[in-house]
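Q: need the 3D shape of this:
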Amino acid sequence: MKRFTKPFSGLAALALTMMPAYAASDMVPGEKFALQQWKITLPIDQDGNGKVDEVDTNYLKNYQHEDFFYLDEQQHMVFVAPNKGLTTQASSNTRSELRQMIRGYNTKIGTKDRGNNFALKAHRRAKKFGSVGGQLQAVLKVDHVALNAGHPDKKPAYSVVVGQIHAGKDQELIEKGDGFGWGNEPIKIYYKKLPGHEKGSVFWTYERNLAKDDPNRTDIAFPVWGNTWENLDDPGKEGISLGEYFSYAILVHENTMYVKFIAKDHPEVVYQVDLSNNIDPNGKEDKLDNPKGYSQDWFYFKAGAYNQCSTKNDTLYWYTACPGTGNWQEDKANGDYTQVSFAQLTVKNIKKK
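A: Numbers count the residues shown, from 1 in each chain. Coordinates of the predicted model:
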């Protein structure tokens, strides 16, 4: 783990304290939070088209969903994802999650266009992207994680992803054969708490940038507070409780990703990793990773509640066979859902020189 000195502008010092849950506010999230560069994916199909619902930037400012995306009375932006619900085509996990849209209200720019995504400085066409690098900052608390799992020993059980950088799935890049376009994630920030434990753990993962069918493609976990997902022991006082505030900041500057975590009565934790090569966050060469890292991929930030308790039952470690009926009131009563509340959320682009 390396210390770094790059500034995170506006990262709150915060009074990070335990607070109770609140009922919904009369306001909608877009009245409190700047959502001009986001769209949201929800675990529902209200328009009946057979696909997961997405609310684009043009409509998000005035949008809320009383169960899955709303402001509570404390004006926190609340994301809820049941175990059982509609999922995106590439995932078996539900989400109530924002996706960065650098284009803002300019829908002439497509979702996957360069102008709507960011790249590293090392990218051959870096200046054609909407941003070269970027910054995501959040102050949040995890209110609930799924209480039940058919395969409780599998890594993702009882966990939620609260922030990430996603590389774009790009068939053109894949066909070029240079080792890019797979749609992997250089960072996912997890909170995991097992039933019966007083506290949970915060950690993040780096995914080797390899093809989907490459056996070395895996997520490598790095600790923040408590344990990583390989360790099912109670994290004790080193962990983070449900309802306990913490903050994260991700800064991608030129080719380097800087990550910073802050919580009251916990040590500040920082990492840095060059995303344009295969040197890991501990400064060691990972010979199994793509030697050029993510240098020719394009990216976007995500934030919210990406429930890792899949109802799918399979031998792969992602499929935890978590229970869920699809009836929200029943699943809520059974504890078969995840909920995350954000007190602050900001995204910034980096001007191209």
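Q: and Phe342, which of the three is it?
A: Using DSSP: H, G, I helix; E, B strand; the rest coil, the structure places Phe342 in strand.
Q: ugh, wrong one, I meant Lys332
A: Under three-state DSSP, the three-state class of Lys332 is helix.
Q: which residues does it contact?
A: Neighbouring residues of Lys332 by CB atoms under 8 Å, 6 or more residues apart in numbering: Pro82. For every residue, glycine as well, the C-beta is placed using N, CA and C.
Q: please enumerate the strands of the stretch 251-353 of the chain.
A: Assignment of strands within the stretch 251-353 of the chain using DSSP state E, counting those that start in this stretch yields the ranges 256-262, 269-274, 299-307, 337-349.
Q: for those strands, which one sits closest to Val161?
A: Among these, strand 299-307 comes nearest to Val161, with 4.0 Å by CB to CB.
Q: ok, Gly239 - contacts?
A: Shown in contact with Gly239 (CB under 8 Å, 6+ apart): 193, 197-201, 225-227.
Q: one more time with 6 Å, if that's ok
A: By CB atoms under 6 Å, 6 or more residues apart in numbering, the contact list for Gly239 reads 199-201, 226.
Q: can you check Asn93 too?
A: Asn93 makes contacts with 307-308, 310, as judged by CB under 6 Å, 6+ apart.
Q: tell me the pLDDT at Met1?
A: Note on Met1: pLDDT of 38.
Q: turn the strands of the stretch 251-353 of the chain into JSON lines, columns for distance to Val142 and mean neighbour count.
A: Shown next, in JSON lines, are the strands of the stretch 251-353 of the chain (distance: least, CB to CB, whole Å; neighbours: other CB atoms under 10 Å):
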{"stretch": "strand 256-262", "distance to Val142": "14", "mean neighbour count": "21"}
{"stretch": "strand 269-274", "distance to Val142": "17", "mean neighbour count": "20"}
{"stretch": "strand 299-307", "distance to Val142": "8", "mean neighbour count": "27"}
{"stretch": "strand 337-349", "distance to Val142": "5", "mean neighbour count": "22"}
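Q: dump those strands into TSV; add mean pLDDT and distance to Gln171 as well.
A: Output for the strands of the stretch 251-353 of the chain, formatted as TSV (pLDDT from 0 to 100; distance: least, CB to CB, whole Å):
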stretch	mean pLDDT	distance to Gln171
strand 256-262	98	25
strand 269-274	98	27
strand 299-307	98	17
strand 337-349	98	26
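Q: possible to save those strands as CSV with distance to Asn148?
A: Putting those into CSV (distance: least, CB to CB, whole Å) gives the following:
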stretch, distance to Asn148
strand 256-262, 28
strand 269-274, 30
strand 299-307, 13
strand 337-349, 11
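Q: how close does the residue nearest to Asn93 when sequence neighbours are not counted get to Gly110?
A: When the adjacent residues along the chain are set aside, Asn93 lies closest to Ser310, with 5.0 Å between them (CB to CB, 6 or more residues apart in numbering). With distances taken as CB to CB, to the nearest Å, Ser310 is found 30 Å from Gly110.
Q: next: Ala157.
A: 36 Å.
Q: repeat for Asp56
A: Asp56 is 12 Å from Gly110, where distance means CB to CB.
Q: quick one, which of the two is more surrounded?
A: For Asp56 versus Gly110, the count of surrounding residues by other CB atoms under 10 Å is larger for Asp56: 15 against 10.
Q: thought that one was touching Trp38?
A: No - Asp56 is not in contact with Trp38 according to CB atoms under 6 Å; the separation is 9.4 Å.
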